[in-house]
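Colleague: With the sequence up front, the predicted model follows.
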Amino acid sequence: MSKIVATLIAGLFATSAFAQTAGSATAPAVKAQAEETKDVAKADAKVEKAKAEAQADVADAKADAAKTRAKAHKKATKKKAEAKADAAEEKAEHKADSAEHKADSTAAVHNAAHK
């Protein structure tokens, strides 16, 4: 009987020694997994930051494009207005020249009739 008890006690010691060895081997594995999780989290944060920066760049580009379009529209409107003003001025000058020519023609005919 004492041999059986001695064998059981020896088995318990062996089991506890094995459990401690396995436990100390899993600690580095847990630490490695924690570091891996931390690295993955950092990588995800970098990706999110890059996405946010890209979206900000797109928004800036759209704003710049809108500003450029507004400037071009304003410039085109100004040129159109200037062209209309020039056309109106030319028309007024032509009308004045026509009236002056008509007046000169009428005066010449009137003078010729009185001579």
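Modeller: Structure's in. What do you need? Keep in mind that this is a model prediction, so the values were computed, not measured. Numbering: from 1, shown residues only.
Colleague: Just the pLDDT for the residue sitting nearest the centre point of the chain.
Modeller: Nearest to the mean C-alpha position of the chain, by C-alpha atoms, centre = their mean, lies V58 at 1.1 Å. Per-residue confidence (pLDDT) for V58: 94.
Colleague: Adjust the sequence numbering to begin at 25 for everything that follows.
Modeller: Let's use 25 as the start, then, which means that last one is V82.
Colleague: So which elements touch the helix or strand hosting it?
Modeller: Secondary structure assigned from DSSP states H and E places V82 in helix 26-138. Judged by 3 or more C-beta pairs under 8 Å, 6 or more residues apart in numbering; DSSP states H and E, helix 26-138 has no packing partners among the helices and strands. C-beta here means a position set from N, CA and C on the backbone, and glycine is covered the same way.
Colleague: any weak-confidence spans in this protein?
Modeller: Residue ranges of the chain with pLDDT under 70: 41-50, 128, 131-139.
Colleague: quick revisit: and the gap between the residue nearest to the centre of the chain and A107?
Modeller: 37 Å (C-beta to C-beta, to the nearest Å).
Colleague: A78 too?
Modeller: A78 is 43 Å from A107, by C-beta to C-beta.
Colleague: Please work out which residues outside stretch 25-36 touch it.
Modeller: Stretch 25-36 has contacts (C-beta atoms under 8 Å, 6 or more residues apart in numbering) with no other residue.
Colleague: Show me how far that stretch is from its chain's centre.
Modeller: 76 Å (C-alpha atoms, centre = their mean, to the nearest Å).
Colleague: Over to stretch 25-40?
Modeller: 73 Å.
Colleague: Convert the C-alpha atoms of it to PDB, please.
Modeller: Taking Å, rounded to 0.1, in the frame of the first residue of the first chain, the C-alpha atoms of stretch 25-40 are listed here in PDB:
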ATOM      1  CA  MET A  25       0.000   0.000   0.000                       C
ATOM      2  CA  SER A  26       2.700   2.400   0.800                       C
ATOM      3  CA  LYS A  27       4.100   1.800  -2.700                       C
ATOM      4  CA  ILE A  28       0.800   2.900  -4.200                       C
ATOM      5  CA  VAL A  29       0.700   6.000  -2.100                       C
ATOM      6  CA  ALA A  30       4.300   6.800  -3.000                       C
ATOM      7  CA  THR A  31       3.500   6.300  -6.700                       C
ATOM      8  CA  LEU A  32       0.400   8.600  -6.400                       C
ATOM      9  CA  ILE A  33       2.400  11.300  -4.600                       C
ATOM     10  CA  ALA A  34       5.200  11.000  -7.200                       C
ATOM     11  CA  GLY A  35       2.600  11.300 -10.000                       C
ATOM     12  CA  LEU A  36       1.200  14.400  -8.400                       C
ATOM     13  CA  PHE A  37       4.600  16.000  -8.100                       C
ATOM     14  CA  ALA A  38       5.300  15.100 -11.700                       C
ATOM     15  CA  THR A  39       2.000  16.600 -12.900                       C
ATOM     16  CA  SER A  40       2.500  19.800 -10.900                       C
END
